[in-house]
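Visitor: take a look and give me a structure for this.
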Amino acid sequence: MYASMLNNLVRSTASAAAKRSASATATSSKVAASAASNRSIGGSSGPGRVSAICVPATFTSRPTALRRRFHASSYQAATVPITFVDPVGKEHEVQAEVGKHLLDVAHDNNIELEGACGGELACATCHLIFEKKIYDTLPEKLDEEDDMLDLAYELTDTSRLGCQITVREDFAGMKVTIPDDGF
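Guide: Numbering: from 1, shown residues only. Presented below is the predicted three-dimensional model:
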C-alpha cells in the first residue's frame, strides 16, 4: 500500500517538474523573441545611452512591464596618487579611489596594513601616521576612534585609523606612514 502511494507521489512530482521546465523554456523563448524584436525597432544604443526592452507583464516578476537593460559603463572613479611608507621606510605609491577608506586602498594594493576588525572600529591595527598638513584637514575623531588609538603602537599626534579616513582629491601626493606594530 505504501509503495503504491510512494510511486504515485514520485510520478506526480516528476510530472509537475517537467511541466514547470517546459513552461520556463517557453517563457524564456518568448522573452528572447520580444527582446530581439525590440532591438530591431529600438535604434542604436551606444555609450551613455540606455536601451529598453519591453517584456509582457506575464513574463516578469516585477510590477512594471518595462525592464531596462543598462550597458556596461566606461565610468572610471577619480583616483589620486598616495604613497604608503611601510615600517622599514620603503615607499609604495598607489592610485587611491576617491571616496574609499585608506584601509581598503591598502588592501586593494597589497599593502600590509592589517585591519583585523574589517574596518568596524574595534581595533587599532590599521593605525596610520599622517603628515601634519593633511592631518589638520581631516574630520574630527570619534570618541571610539580615540579609544582604539590608545591601544596603538607608536602613537603620535597625527595618528588616525585607516578605516575611518576616506580618500579625497586633496590627498593627491600625500604620504602616510604605517608604524611598526611591534611584531
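
Visitor: ok, how many other residues are close to Gly89?
Guide: Gly89 has 7 neighbouring residues, counting by other Cβ atoms under 10 Å. C-beta coordinates here come from the backbone N, C-alpha and C atoms, glycine included.

Visitor: ok, now how distant is it from Thr125?
Guide: The spacing between Gly89 and Thr125, counted by Cβ to Cβ, to the nearest Å, is 20 Å.

Visitor: output the lowest mean pLDDT helix or strand found in the protein.
Guide: When the helices and strands of the chain are compared on mean pLDDT, DSSP states H and E, strand 51-54 comes out lowest with a mean of 46.

Visitor: residues near the nearest residue to Asp181 once chain neighbours are set aside, how many?
Guide: Distances taken as Cβ to Cβ, 6 or more residues apart in numbering put Tyr153 closest to Asp181, at 5.5 Å, once the chain neighbours are dropped. For Tyr153, the neighbour count with other Cβ under 10 Å is 14.

Visitor: find the helix or strand that Tyr153 is a member of.
Guide: Using DSSP states H and E, Tyr153 sits within no helix or strand.

Visitor: check Leu128 too.
Guide: Taking DSSP H and E as the criterion, Leu128 maps to strand 127-130.

Visitor: what's the mean pLDDT across that strand?
Guide: For strand 127-130, mean pLDDT is 97.

Visitor: packing partners for that strand?
Guide: Judged by 3 or more Cβ pairs under 8 Å, 6 or more residues apart in numbering; DSSP states H and E, strand 127-130 is in contact with strand 159-161, strand 174-177.

Visitor: does the residue nearest to Asp181 really touch Ile129, like I thought?
Guide: No: the pair Tyr153 / Ile129 is not scored as a contact, 10.8 Å apart, by Cβ atoms under 8 Å.

Visitor: any common contacting residues for the two?
Guide: Any residue near both Tyr153 and Ile129 by Cβ atoms under 8 Å, 6 or more residues apart in numbering counts here, and that gives Pro179.
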